[in-house]
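K.L.:
Got a predicted structure plus its sequence, pasted below:
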Amino acid sequence: MKDEAPTTTRMRRVAMVTAVAAIAPLSIVGIVLTSTSWWEGSIVVLGFLVTLALLRKWSLDGYPRQAVLAFMFTTASWIIGALTISSPIGFVPMSLIGALLLARRTRRRLWIAALTFVVAAIGASSLLFHPASPALAAEYVALPAGGTLFIVAVILLSEQAWQVVRRLERAQETEAELAIARERMRFAGDLHDIQGHSLHVIKLKAALGRRVVHTDPDRAEGEFTEIRRLVDETIAETRALTYARYELNLVAELENAKRLIEAAGVAVEVTFDDATGTTANPLLAQVLREATTNLLRHARPTIVTITASPRSVEVANDGALDTADSAPRGLARLRERVESVGGALRVERPPGRFIVSARIDAEITSSGTGGGK
């Protein structure tokens, strides 16, 4: 079975608890009231235990092969119960496993009718070997038929709700991936704006310098000097973009992070304390962007809390999946840059949570905003 997201896992528990809560109480009462001996009751209880074991493996992606064996066992148990009229409630395990198996079938109405007919027909076999009476027919024909329809309805409704939750979860994952893709496209557009024009000019100047290198050496040297200047500028601007200093500030990045996280269907709380009125170091905005990207790609949170000020930023979420001790590579590189300007970046993993926090108390300097390899 594939790893499931926390929401899907919780929905699996809800579906199983709903089915058990709807069916088990009446079944237990029925066993107590109808069983005529301890061994008859034990056979029925064994069928319920087999059913419970299968319910624990309830999945939207199919069932193990043991499900068919379990259905055969519970069918045999119901046949014995009907022939010996030991307990009219013995149909429940068979109906429950049958409902689980037909939930994945097409033409469900036909399968539901077939399951109901088979359960009722097995119950009707009690009339062949015992004096027929309205009470016996009600207990072993009408009750199993009606009970089977009720059980099938509970299973199908639970599974339908589970399907809706999983579709919503997958839609949120897709939205998160699209948000990241849009961010990458924005980066690619910025990179094109920076390098496209410069590279075109460099190409033209290189061609011109080559043509005049013998006829006008001074002009050729000037063109080559200009090419060197353009290359230096392009490298500096590309480095600035790579380290998110290209028109990047903490306030704008807070709003961008909030939109990205909400687009992924995750609750987010953002607090910004600007009491000091100072300008935040751009590295804090880069930490926020990297932490947001990481949680959208590698975590499955239900709520994200972002607390920021011109001196610090903290991003916490409750969907940590990675149990490793080391920080992601992007954050590890950022830690070096934050520490190079006298700040500190911490990655914490309390149980079920992932917290990234950074603090830079030093004033903004050229070294604080400069790029690095």
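P.N.:
Cool, the structure landed.
K.L.:
Quick check on the residue of the chain positioned farthest from its centre: phi, psi?
P.N.:
Distance from the C-alpha centroid of the chain, by CA atoms, centre = their mean, peaks at residue 215 (67.2 Å). Residue 215 adopts backbone torsions of phi -90, psi -30, taken as degrees, to the nearest 10.
K.L.:
And the pLDDT at it?
P.N.:
Residue 215 carries a pLDDT score of 88 in this model.
K.L.:
Residue 291 - how many residues pack around it?
P.N.:
For residue 291, the neighbour count with other CB atoms under 10 Å is 29. Just so you know, the C-beta spots here come from the backbone N, C-alpha and C atoms, and that holds for glycine as well.
K.L.:
do the same with residue 344
P.N.:
The criterion is other CB under 10 Å. On that basis, residue 344 has 13 neighbouring residues.
K.L.:
beta partners of it?
P.N.:
residue 359 (DSSP bridges).
K.L.:
show me the contacts for it.
P.N.:
With contact taken as CB atoms under 8 Å, 6 or more residues apart in numbering, residue 344 is in contact with 338, 358-359.
K.L.:
need those in JSON lines with pLDDT, can you?
P.N.:
Output for the contacts of residue 344, formatted as JSON lines (pLDDT from 0 to 100):
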{"residue": "338", "pLDDT": "88"}
{"residue": "358", "pLDDT": "94"}
{"residue": "359", "pLDDT": "93"}
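K.L.:
closest to residue 267 among those?
P.N.:
residue 358 (22.8 Å; CB to CB).
K.L.:
Domain boundaries for the chain, per the record?
P.N.:
Following automatic domain parsing, the chain resolves into domains at 6-169, 177-242, 250-369.
K.L.:
Shouldn't residue 308 be within a strand?
P.N.:
Yes. With DSSP: H, G, I helix; E, B strand; the rest coil as the criterion, residue 308 is part of a strand.
K.L.:
From residue 284, how far off is it?
P.N.:
In this view, residue 308 and residue 284 are 7 Å apart by CB to CB, to the nearest Å.
K.L.:
what is in contact with those two at once?
P.N.:
residue 250.
K.L.:
low-confidence ranges in the stretch 151-300 of the chain?
P.N.:
193, 197, 242-248, 263, 276-277 (pLDDT under 70).
K.L.:
That one: helices as residue ranges?
P.N.:
For the stretch 151-300 of the chain, the helices defined by DSSP state H, counting those that start in this stretch cover 217-242, 250-263, 282-298.
K.L.:
will you turn these into a markdown table that also has distance to residue 181?
P.N.:
Below are the helices of the stretch 151-300 of the chain laid out as a markdown table (distance: least, CB to CB, whole Å):
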| stretch | distance to residue 181 |
| --- | --- |
| helix 217-242 | 18 |
| helix 250-263 | 11 |
| helix 282-298 | 11 |
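K.L.:
out of the ones you listed, nearest to residue 352?
P.N.:
Residue 352 sits nearest to helix 282-298 of all these, at 13.4 Å, using CB to CB.
K.L.:
tell me the angle the host helix or strand of residue 339 makes with helix 282-298.
P.N.:
Per DSSP states H and E, residue 339 falls inside helix 329-340. If you take axes from the mean of the first three to the mean of the last three CA atoms, to 10 degrees, helix 329-340 sits at 160 degrees to helix 282-298.
K.L.:
of all the helices of the stretch 151-300 of the chain, which gets the most neighbours per residue?
P.N.:
helix 282-298 (a mean of 23; mean count of other CB atoms under 10 Å).
K.L.:
Are there helices or strands packed against that one, and which ones?
P.N.:
helix 143-212, helix 250-263, strand 303-309, strand 312-317, helix 329-340, strand 354-359, helix 366-369 (3 or more CB pairs under 8 Å, 6 or more residues apart in numbering; DSSP states H and E).
K.L.:
If we use 6 Å, what do you get?
P.N.:
Helices and strands touching helix 282-298, by 3 or more CB pairs under 6 Å, 6 or more residues apart in numbering; DSSP states H and E, are helix 250-263, strand 312-317, helix 329-340, strand 354-359.
K.L.:
okay if I get the ones you listed as TSV plus distance to residue 178?
P.N.:
Output for these, formatted as TSV (distance: least, CB to CB, whole Å):
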stretch	distance to residue 178
helix 250-263	8
strand 312-317	19
helix 329-340	20
strand 354-359	23
